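> From the sequence below, what's the structure:
(one chain, ligands or ions: 1)
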Amino acid sequence: MQLILYTTLAMLLTAPFVGIGGIVLAVRQDAPSSLVLLVAVPVGALTIGLLIRQMVPASRLLQRFVDAVNRVMREQITGIRVIRAFVRDENERLRFAEANTDLMGVGIRLGRVQAFFGATSLFISNVAAVAVLAIGGHRVVEGGLQLGSLIAFLTYLTLTLGAVTQGLSVFMMAPRAKVSAGRITEVLVTEPSIAEPATPVTVEHWRGDLELDGVTFGYPGAEVPVLRGVSLAARPGRTTAIIGSTGSGKTTLINVMARLLEVDEGAVRIDGADVREVARRDLSELVGLVPQRAYLFAGTVADNLRYGNPAADEAQLWHALEVAQAAEFVRAMPEGLDTVIGQGGSTVSGGQRQRLAIARVLLARPRVYLFDDAFSALDNATEVAVRSALAREIGDATQVIVAQRVSTIRAAETIVVLEAGRVEATGTHEELLATSATYAQIVDSQLTVGEAA
Ligand SMILES: Nc1ncnc2c1ncn2[C@@H]1O[C@H](COP(=O)(O)OP(=O)(O)OP(=O)(O)O)[C@@H](O)[C@H]1O
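Model prediction:
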């Protein structure tokens, strides 16, 4: 897109002036020789036009193949460890070679037409020059034309034909630019599915009383909904845990609570206000989420923590780290809070990343904390320490915890058992042991594993 804009400004806009100016000046130098221009310009324009038409499909293909090579390369770089672990190097090499061969094929085809394009325009221009010399030369000999005028005419001729070639060559780039423009437009016209409310509700003091009422949600294009008629309540000052087998919809449920996904039916309410009626900024301050895969940005530890609260001072950062049991390892880092973390948190371990993400959300001081499997990479002792420090720190805020381990959730005031997107049972650990077969099964499987170990 940048290239076509530049060439349009630099060439397409100037070409008509140069072309027309050249013709006018040439005719003024010598009218009879201008007959050559009358033939050369249309012939040149037509031939070049036809060549460009030839290039259009190839240019379009080229853009697609460039895409394919980029896609394969990106996948291979991201998945390099998996490729090595499964010794798929050779297959991947072949996949890359295949994408590259396609690109090379169309590149060569296009290169050939382009080379022909250059040669043809030069040929037309030279034939025209020979014709001018033949006509004009006679007239110079006969004394009807000055030698200087003939040379000047030749210059104007070259200028005019050059302008025609240049002007038309911009169209050569048009097909690729059109493909690119299409993609940019696709992004620009995408409407966010999470809309800002027209008249947002304002609540003076949020308490964080979270309620889900008959929530149904399905991912776009999926045949069956992931969540079906889920109703539950998470009260301030209490811990509500969600447990269920893999794929039962726990992460989806958490995302619906934070309004990162919009419900299809039912409603999510905080302090009685439908989250769709709450301004998105208010909601993001109200609800703090530690996602399943905590993401850290390239930057220092402090930068990452301040993502939760840009105004936090050092003492607040250290306090949050203490609560998240992260202070010790941050202190041990070469530059403490100013240690640079690699992109995506690549230079810290999974457990360290989780603890930094917990510290980050603590700094934001939301009223509702959503922990999506946020303790999974911590050993038992660290998890217990984090959980008890958290409980003291966040006091009467609402806590929703998704976990796989029963030990993480057994003390929660309310445990919700999610099965295939439905609430199968709700209660305390003891109640569920007596009433929910699924819960008893989960507990049993973990005990067995524990005992066997
Ligand atoms: N972005 C998505 N698009 C389409 N389907 C999705 C998407 N994310 C999740 N799903 C589907 O929704 C279902 C529930 O996924 P979800 O991640 O909520 O489960 P979960 O209970 O958190 O699982 P886990 O314990 O493995 O993290 C799965 O069947 C999954 O295939």
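> can you give me the strands in the stretch 301-450 of the chain?
Along the stretch 301-450 of the chain, the stretches classed as strands by DSSP state E, counting those that start in this stretch are 340-341, 368-372, 398-402, 414-419, 422-427.
> got the ones you listed as TSV, with mean neighbour count, mean pLDDT and distance to Val323 columns?
Bear in mind the C-beta positions are built from the backbone N, C-alpha and C, glycine included. What follows is the strands of the stretch 301-450 of the chain, written out as TSV (neighbours: other Cβ atoms under 10 Å; pLDDT from 0 to 100; distance: least, Cβ to Cβ, whole Å):
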stretch	mean neighbour count	mean pLDDT	distance to Val323
strand 340-341	17	86	19
strand 368-372	26	94	12
strand 398-402	25	94	13
strand 414-419	23	92	23
strand 422-427	17	91	29
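> Among those, which comes closest to Leu103?
In terms of Cβ to Cβ, the element of these nearest to Leu103 is strand 340-341, at 36.2 Å.
> Partner strands of the closest one and their direction?
Strand 340-341 sits in its sheet next to strand 299-300 (antiparallel), going by DSSP bridges.
> Give me the contact list for the strand it pairs with.
335, 337-341 (Cβ atoms under 8 Å, 6 or more residues apart in numbering).
> can we see that at 6 Å?
Under the criterion Cβ atoms under 6 Å, 6 or more residues apart in numbering, residues 338, 340 lie in contact with strand 299-300.
> so Gly167 sits right up against Ala15, yeah?
Yes. With contacts defined as Cβ atoms under 6 Å, Gly167 counts as touching Ala15 at a distance of 3.3 Å.
> quick revisit: output the strands of the stretch 301-450 of the chain as a markdown table; include the columns distance to the ligand.
Output for the strands of the stretch 301-450 of the chain, formatted as a markdown table (distance: least, Cβ to the nearest ligand atom, whole Å):
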| stretch | distance to the ligand |
| --- | --- |
| strand 340-341 | 25 |
| strand 368-372 | 7 |
| strand 398-402 | 7 |
| strand 414-419 | 7 |
| strand 422-427 | 12 |
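> near the ligand, which residues of the stretch 151-300 of the chain?
Counting by Cβ under 6 Å from any ligand atom, the residues of the stretch 151-300 of the chain lying close to the ligand are 219, 222, 226, 244, 246-252, 292.
> What segments of the stretch 251-400 of the chain are helices?
If you assign secondary structure with DSSP state H, counting those that start in this stretch, the helices in the stretch 251-400 of the chain sit at 280-286, 301-306, 314-323, 327-332, 350-364, 380-394.
> actually the stretch 1-150 of the chain, sorry about that
When secondary structure is read from DSSP H, counting those that start in this stretch, the stretch 1-150 of the chain shows helices at 2-7, 15-29, 34-78, 80-85, 89-141, 147-189.
> Export these as TSV, with columns for mean neighbour count.
Rendered in TSV, the data for these read as follows (neighbours: other Cβ atoms under 10 Å):
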stretch	mean neighbour count
helix 2-7	13
helix 15-29	17
helix 34-78	16
helix 80-85	11
helix 89-141	15
helix 147-189	17
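> Need those helices in JSON lines (columns: mean pLDDT).
Below are these laid out as JSON lines (pLDDT from 0 to 100):
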{"stretch": "helix 2-7", "mean pLDDT": "87"}
{"stretch": "helix 15-29", "mean pLDDT": "86"}
{"stretch": "helix 34-78", "mean pLDDT": "86"}
{"stretch": "helix 80-85", "mean pLDDT": "92"}
{"stretch": "helix 89-141", "mean pLDDT": "90"}
{"stretch": "helix 147-189", "mean pLDDT": "85"}
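> Make a markdown table from these and add distance to Ala233 to it.
Converted to a markdown table, the helices of the stretch 1-150 of the chain look like this (distance: least, Cβ to Cβ, whole Å):
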| stretch | distance to Ala233 |
| --- | --- |
| helix 2-7 | 54 |
| helix 15-29 | 71 |
| helix 34-78 | 40 |
| helix 80-85 | 41 |
| helix 89-141 | 50 |
| helix 147-189 | 39 |
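> Quick one: closest of the ones you listed to Tyr439.
Distances from Tyr439 to each of those were compared by Cβ to Cβ, and the smallest falls on helix 80-85, at 34.4 Å.
> roughly how far is that closest one from the heart of the chain?
Its chain's average C-alpha position is 23 Å from that of helix 80-85, according to Cα atoms, centre = their mean, to the nearest Å.
> same check, this time on stretch 78-90
What separates the centre of stretch 78-90 from the centre of its chain is 24 Å, taken as Cα atoms, centre = their mean.
> Endpoint to endpoint, it covers what distance?
17 Å (Cα to Cα, to the nearest Å).
> Torsion angles phi and psi at the residue of the chain most remote from its centre?
Distance from the C-alpha centroid of the chain, by Cα atoms, centre = their mean, peaks at Glu142 (72.8 Å). Torsion angles at Glu142 (phi, psi; degrees, to the nearest 10) stand at phi -70, psi -10.
> Check what pLDDT it gets.
Predicted confidence (pLDDT) for Glu142: 87.
> With Val449 instead?
As summarised for this prediction, Val449 has a pLDDT of 53.
> ok, now Ala437?
In this model, Ala437 is scored at 86, pLDDT.
> and it, how many neighbours does it have?
For Ala437, the tally of surrounding residues (other Cβ atoms under 10 Å) stands at 12.
> likewise the one 4 residues further on?
Gln441: 11 surrounding residues under other Cβ under 10 Å.
> ok, now the one 5 residues further on?
Neighbour count of Gln446, defined by other Cβ under 10 Å: 14.
> same check, this time on Gln404
16.
> For Val361, see how far away it is.
Distance of Gln404 to Val361, given as Cβ to Cβ, to the nearest Å: 20 Å.
> Over to Val287?
In this structure, Val287 and Val361 are 10 Å apart, going by Cβ to Cβ.
> Over to Leu5?
Taking Cβ to Cβ as the criterion, Leu5 is separated from Val361 by 44 Å.
> just to revisit the earlier point, could the strands of the stretch 301-450 of the chain be laid out in a markdown table, adding distance to Leu317?
As requested, the strands of the stretch 301-450 of the chain are exported to a markdown table (distance: least, Cβ to Cβ, whole Å):
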| stretch | distance to Leu317 |
| --- | --- |
| strand 340-341 | 14 |
| strand 368-372 | 18 |
| strand 398-402 | 22 |
| strand 414-419 | 32 |
| strand 422-427 | 38 |
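> how about Gly229, phi and psi?
The main-chain torsion angles of Gly229 are listed as degrees, to the nearest 10 and equal phi 60, psi 50.
> Name the secondary structure element that contains the residue lying closest to it once chain neighbours are set aside.
The spatially closest residue to Gly229, leaving aside those adjacent along the chain, is Gly214, at 5.0 Å (Cβ to Cβ, 6 or more residues apart in numbering). Counting by DSSP states H and E, the element that carries Gly214 is strand 210-217.
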